[in-house]
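Participant: sequence-free structure coming up:
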């Protein structure tokens, strides 16, 4: 059988190659210590096929340096579900992201080593020029945010602790110190923007792509966007895709390519496609462990039962928000923090496409024809689909009922506040595209039906735990 990916990989070694692919997709920055000591040698071993397949199939670029591997992605949609996190799993806020940028800038000016206090002084000096930021080392909150950033870089190998303790410095900078070795390869690989921030009026400009110069180029770009969507998104609905991508999504070759590349299984349904993540490809998996994930799965079952209940009043049906509508609040939030005063207006054309937008043009030989692929001119417009609306009142009542029934399996903090648990569970379901938020409630999307037959068993031996068995 002729394959279009992993063409030079022997079948006996395909599993090893697929592990390398999943590692690069899961961790765009790989170093000698992150995510572990064995991943970078694995990526180096398969660097040739990886560069070829990631470029031609996905439009990504893999860069290797002495101590790091960096995947440069092409971005089709903004994704708020993969934030940087502290060692305690707290999401980075704007202060920490700003400190991260300033720390990297300071490391670029430093030598081979730097003291933590010296790094803090450099960042504090630069932070004075950023309205509303600042870094005051006499304030415990500022020190904690700064050390969170330094620890994040340390975990990825950009900094190596040579002496002292950052935590002790954060507790008392007058009596403690820390000394770090700087790995320049890793530090320079952490931040690889596709465009200069001073050229942007809006974060949405990062998604702009140049128009294809030919029909073959358009088909190649559509194929890469389709594969990226299947790999990067929790589910791909046909209704969310444009005609060109939708045509590719319907072809057998798409499934063959992605399954051979990742080693994972693709499920194809009438409404779209799902890459079944059984190997930790995504940071946020569903179902998963923890109170929020388990409560979300229980809520899914209840919503599914309500949708198909023949004895209950019929639910109103609405069209789901488009991708642009879903992302509009995120765009507005990010744009509110852009330093508009530093934008170079002569270079900031809002209609200008991102200069890295078509990585497909480097090294790609075009999207091979697929005999099962429908012609672009024959693409039918996907009809607008309406979904059942489950109202907020019903959701609140149902979550309180779930807490009463399975409360012994939930953490005490969540049991005490069912509304907070509901919000967290819905956020998880929204991120995985099982439901969509609209005014007054949520829409039950098709993927939700995959989990409608879950069976719950409360374990009597350990009353604080329960098991959830998934049946499709």
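Facilitator: Cool, got the structure. This is a predicted model, so every value here is computed, not measured.

Participant: the most centrally placed residue in the chain and residue 282, how far apart?
Facilitator: Computing the C-alpha centroid of the chain and ranking residues by Cα atoms, centre = their mean puts residue 82 first, at 4.0 Å. Residue 82 sits 9 Å away from residue 282, going by Cβ to Cβ, to the nearest Å. (C-beta placed from N, C-alpha, C; glycine too.)

Participant: could you find the closest non-adjacent residue to residue 308?
Facilitator: The spatial neighbour of residue 308 that comes closest, neighbours along the chain excluded (Cβ to Cβ, 6 or more residues apart in numbering), is residue 452 at 7.7 Å.

Participant: I'd say residue 399 and residue 296 touch.
Facilitator: No: if you go by Cβ atoms under 8 Å, residue 399 and residue 296 don't touch, sitting 10.1 Å apart.

Participant: quick one: residues contacting residue 4.
Facilitator: Listed by Cβ atoms under 8 Å, 6 or more residues apart in numbering, the contact set of residue 4 reads 57, 253, 256-257, 368.

Participant: hmm, I typed the wrong one, I wanted residue 83.
Facilitator: By Cβ under 8 Å, 6+ apart, residue 83 lies in contact with 91-92.

Participant: next one, pLDDT for residue 108 please.
Facilitator: With respect to pLDDT, residue 108 scores 93.

Participant: so which elements touch the helix or strand hosting it?
Facilitator: Applying DSSP states H and E as the criterion places residue 108 in helix 94-109. When contacts are defined as 3 or more Cβ pairs under 8 Å, 6 or more residues apart in numbering; DSSP states H and E, helix 94-109 sits against helix 116-127, helix 140-155, helix 184-190.

Participant: avg pLDDT for the helix or strand just after the shortest one?
Facilitator: Read that as helix 184-190. Of the helices and strands lying after helix 184-190 in sequence (DSSP H and E), the nearest is helix 215-232. Helix 215-232 shows a mean pLDDT of 93.

Participant: list the helices and strands helix 215-232 packs on?
Facilitator: helix 47-58, strand 236-237, helix 243-249, helix 252-262, strand 272-276.

Participant: mind listing what's buried along the fourth one?
Facilitator: Neighbour-count burial for helix 252-262, counted by 16 or more other Cβ atoms under 10 Å, picks out 253-258, 260-262.

Participant: returning to what we had before: contacts for the helix holding residue 108?
Facilitator: Helix 94-109 is touched from outside by 84, 86, 92, 114, 119, 122-123, 126-127, 130, 133, 135, 145-146, 148-150, 152-153, 158-159, 182, 184, 187-188, 190-191, 337, with contacts defined as Cβ under 8 Å, 6+ apart.

Participant: buried ones among those residues?
Facilitator: Those of those that meet the buried threshold are 86, 92, 114, 119, 122-123, 126-127, 133, 135, 145-146, 148-150, 152-153, 158-159, 182, 184, 187-188, 190, by 16+ other Cβ under 10 Å.

Participant: name the nearest residue to the residue nearest to the centre of the chain, ignoring sequence neighbours.
Facilitator: Of all residues not flanking residue 82 in the chain, residue 283 sits nearest, at 5.4 Å (Cβ to Cβ, 6+ apart).

Participant: quick one: residue 206 from residue 62, how far?
Facilitator: 20 Å.

Participant: now for the residue nearest to residue 308, how many residues are close by?
Facilitator: With neighbours defined by other Cβ atoms under 10 Å, the count for residue 452 comes to 17.

Participant: isn't it right up against residue 298?
Facilitator: No: Residue 452 lies out of contact with residue 298 (Cβ under 8 Å); the separation is 11.8 Å.

Participant: quick one: low-confidence parts of the stretch 301-450 of the chain?
Facilitator: For the stretch 301-450 of the chain, applying pLDDT under 70 flags the ranges 344-384.

Participant: residue boundaries of the strands in it?
Facilitator: With strands called from DSSP state E, counting those that start in this stretch, the stretch 301-450 of the chain shows them at 317-319, 386-391, 435-438, 441-444.

Participant: out of those strands, which comes closest to residue 3?
Facilitator: Among these, strand 435-438 comes nearest to residue 3, with 36.3 Å by Cβ to Cβ.

Participant: paired strands for the closest one, with orientation please.
Facilitator: Sheet pairing of strand 435-438 (DSSP bridges) gives strand 441-444 (antiparallel).

Participant: any idea what residue 160 is bridged to?
Facilitator: Going by DSSP bridges, residue 160 is paired in beta bridges with residue 181.

Participant: identify the residues contacting it.
Facilitator: So residue 160 contacts 154, 180-181, 183 (Cβ under 8 Å, 6+ apart).

Participant: report pLDDT for residue 25.
Facilitator: 96.

Participant: burial count for residue 165?
Facilitator: 14.

Participant: just checking, residue 418 touches residue 401?
Facilitator: No: look at residue 418 against residue 401 with Cβ under 8 Å: they stay out of range, at 9.0 Å.

Participant: look at the two and report which has more neighbours.
Facilitator: Shown here are residue 418 and residue 401; by other Cβ under 10 Å, residue 418 has more neighbours (22 against 13).

Participant: can you pull the contacts of the more buried one?
Facilitator: For residue 418, the residues meeting the contact criterion (Cβ under 8 Å, 6+ apart) are 396, 399-400, 402-403.

Participant: can you add neighbour count and give those back as TSV?
Facilitator: Shown next, in TSV, are those (neighbours: other Cβ atoms under 10 Å):
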residue	neighbour count
396	13
399	22
400	15
402	23
403	20
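
Participant: can you flag which of those belong to helices?
Facilitator: Counting by DSSP state H, these place 396, 399-400, 402-403 in helices.

Participant: what separation do you get for the residue nearest to residue 74 when sequence neighbours are not counted and residue 241?
Facilitator: Closest residue to residue 74 apart from its sequence neighbours, by Cβ to Cβ, 6+ apart: residue 59 at 4.5 Å. According to Cβ to Cβ, residue 59 and residue 241 sit 16 Å apart.

Participant: neighbour count winner among those two?
Facilitator: A direct count of neighbours by other Cβ under 10 Å for residue 59 and residue 241 places residue 59 higher, at 28 against 22.

Participant: I figured the more buried one hits residue 224, correct?
Facilitator: Yes: counting by Cβ under 8 Å, residue 59 does reach residue 224; the two are 4.1 Å apart.

Participant: in contact with residue 431, which residues are there?
Facilitator: 81, 234, 284.

Participant: among these, who's most crowded?
Facilitator: Top of these by neighbour count (other Cβ under 10 Å): residue 234, with 17 neighbours.

Participant: for that one, what are its contacts?
Facilitator: By Cβ under 8 Å, 6+ apart, the residues touching residue 234 are 274, 282, 286, 431-433, 447.

Participant: if we use 7 Å, what do you get?
Facilitator: Contact analysis of residue 234 by Cβ atoms under 7 Å, 6 or more residues apart in numbering lists 432-433.

Participant: please report how far it lies from residue 447.
Facilitator: Counting by Cβ to Cβ, the separation of residue 234 from residue 447 is 8 Å.

Participant: equivalent analysis for residue 185, please.
Facilitator: The spacing between residue 185 and residue 447, counted by Cβ to Cβ, is 40 Å.
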